[in-house]
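Peer 1: Pasting the sequence and the predicted coordinates here, then a few questions.
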Amino acid sequence: MPIRIPKRLPAKEILEEENIFVMDEERAVSQDIRPLNIVILNLMPEKEKAEAQLLRFLGNTPLQVNITFLRLSTHTSKNTSKLHLDQFYKSFDEVKDKKYDGLIMTGAPIEKLPFQEVDYWEELKQIMDWSQKNVTSNLHICWGAQAAFYHHYGIEKFELPQKCFGVFEHEVLIPNEDLVRGFDDFFFAPHSRHTDIDYEKLKDHPELKVLAKSEEAGVLMAVSKNGRNIMITGHFEYDAFTLGEEFKRDRQRGLDTALPLNYYPNNDPEQIPIYRWKSHCSLMFSNWLNYYVYQLTPYEWS
């Protein structure tokens, strides 16, 4: 089944070229189906790129999904045009009286800032509080996961001596948890962050379960015991070339960013990266939509 997106969203053409089933509003309204309503709070600077990455996997399940993009009112995007935001995004005031089946909160390249110094932190807290009563399940990614750990569970991030950057092997710790249903015992996922979360604090927290971790990159996946909050500290949604683009961008800015680990064949940046997390990313999104959203959300919110 398809994802339902705005008719002129630039990501539509990209996804159709990849044979991802997408549907615009005009066709979707002709179908007598109860679709899932998912809101995406896109905090990434390059919003159009993040849109395509997320929609690529949300469109690869048997469920019809309506997508609403959410933006912050207390922050001005420097990398995405106002026209794009006005045309395809809604403010929190426009959605706060509605109910949603799922919410995705992306990362943002601000990990080194204390949460209270983020200029939109108060608005973000309001959205996270709202999500606990108005959304069936919330999926938080990278910095978004760290914000959720801090706000909902009081677990603070800490700065790493060097950037966690590359593709790392992870072990499934609770194989019978629905989010990792169908996963191999060990699998790969990319990370790109300057901060981390203490595994010991997570595993001992009475409201959380750690589902997967890496010896090199730490915790990747955790879920609240009620299934409402899922935290992914890496970037499962990244495409094959995103880490390489980040590496080249950092070097162009004069930063001493190391080559992403386990990414290029023979650590040669002139070679094509190995894309070895795509299937598990697709499975994770499918499991989330099925077991944490579709199976639990009411047919009619009341």
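Peer 2: Structure's in. What do you need?
Peer 1: Return the set of buried residues in the longest helix along the chain.
Peer 2: Using DSSP state H to define each element, the chain has its longest helix at helix 121-134. If you call a residue buried by 16 or more other Cβ atoms under 10 Å, then helix 121-134 has these buried ones: 121, 123-124, 127-128, 130-131, 134. From N, CA and C alone the C-beta is placed, and that goes for glycine too.
Peer 1: Just give me the neighbour total for the residue nearest to Ala50 when sequence neighbours are not counted.
Peer 2: Distances taken as Cβ to Cβ, 6 or more residues apart in numbering place Met44 nearest to Ala50, at 3.9 Å, with adjacent residues excluded. Counted by other Cβ atoms under 10 Å, the residues lying close to Met44 total 24.
Peer 1: How about the one 4 residues further on?
Peer 2: By the measure other Cβ under 10 Å, the count of residues near Glu48 is 18.
Peer 1: Tell me if it really is in a helix.
Peer 2: Yes: according to DSSP: H, G, I helix; E, B strand; the rest coil, Glu48 belongs to a helix.
Peer 1: Test my guess that it contacts Ser81.
Peer 2: No: counting by Cβ atoms under 8 Å, Glu48 does not reach Ser81; the two are 9.2 Å apart.
Peer 1: residues in contact with Tyr100?
Peer 2: 37-39, 68, 134-136 (Cβ atoms under 8 Å, 6 or more residues apart in numbering).
Peer 1: switch to 6 Å and redo it
Peer 2: Tyr100 makes contact with 37, 39, 135, according to Cβ atoms under 6 Å, 6 or more residues apart in numbering.
Peer 1: just to revisit the earlier point, so how far is His84 from the residue nearest to Ala50?
Peer 2: Separation of Met44 from His84 (Cβ to Cβ, to the nearest Å) stands at 13 Å.
Peer 1: Likewise for Leu113?
Peer 2: Separation of Leu113 from His84 (Cβ to Cβ): 25 Å.
Peer 1: What of Ile38?
Peer 2: Ile38 sits 19 Å away from His84, going by Cβ to Cβ.
Peer 1: So these two - more neighbours on which side?
Peer 2: Ile38 (24 against 16).
Peer 1: Pretty sure that one sits in a strand.
Peer 2: Yes: per three-state DSSP, Ile38 lies within a strand segment.
Peer 1: Run through the stretch 101-250 of the chain and note the low-pLDDT ranges.
Peer 2: Across the stretch 101-250 of the chain, nothing is flagged by pLDDT under 70.
Peer 1: And the helices in it?
Peer 2: For the stretch 101-250 of the chain, applying DSSP state H, counting those that start in this stretch gives helices covering 121-134, 143-153, 199-203, 242-252.
Peer 1: Return the set of buried residues in the third one.
Peer 2: By that I understand helix 199-203. Leu202.
Peer 1: Quick check: the closest residue in space to Tyr299 that isn't next to it in sequence vs Asp239, distance?
Peer 2: Of all residues not flanking Tyr299 in the chain, Arg34 sits nearest, at 5.9 Å (Cβ to Cβ, 6+ apart). Arg34 sits 31 Å away from Asp239, going by Cβ to Cβ.
Peer 1: Which one of those two is surrounded by more residues?
Peer 2: Asp239 (17 against 12).
Peer 1: which residues touch the more buried one?
Peer 2: Gln53.
Peer 1: again, only using 10 Å
Peer 2: For Asp239, the contacting residues are 49, 52-53, 56, 190, 245, 273, 275, 278, 281, by Cβ atoms under 10 Å, 6 or more residues apart in numbering.
Peer 1: what's the neighbour count on Leu139?
Peer 2: 28.
Peer 1: on that earlier part again, list the contacts of the residue nearest to Ala50.
Peer 2: 50-51, 53-54, 77, 79-80, 106-109, 141-144, 235, 237.
Peer 1: Give me the PyMOL select line for these, limited to the buried ones.
Peer 2: Applied in PyMOL, the following selects the buried portion of these according to 16+ other Cβ under 10 Å:
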select buried, resi 50+51+53+54+77+80+106+107+108+141+142+143+144+235+237
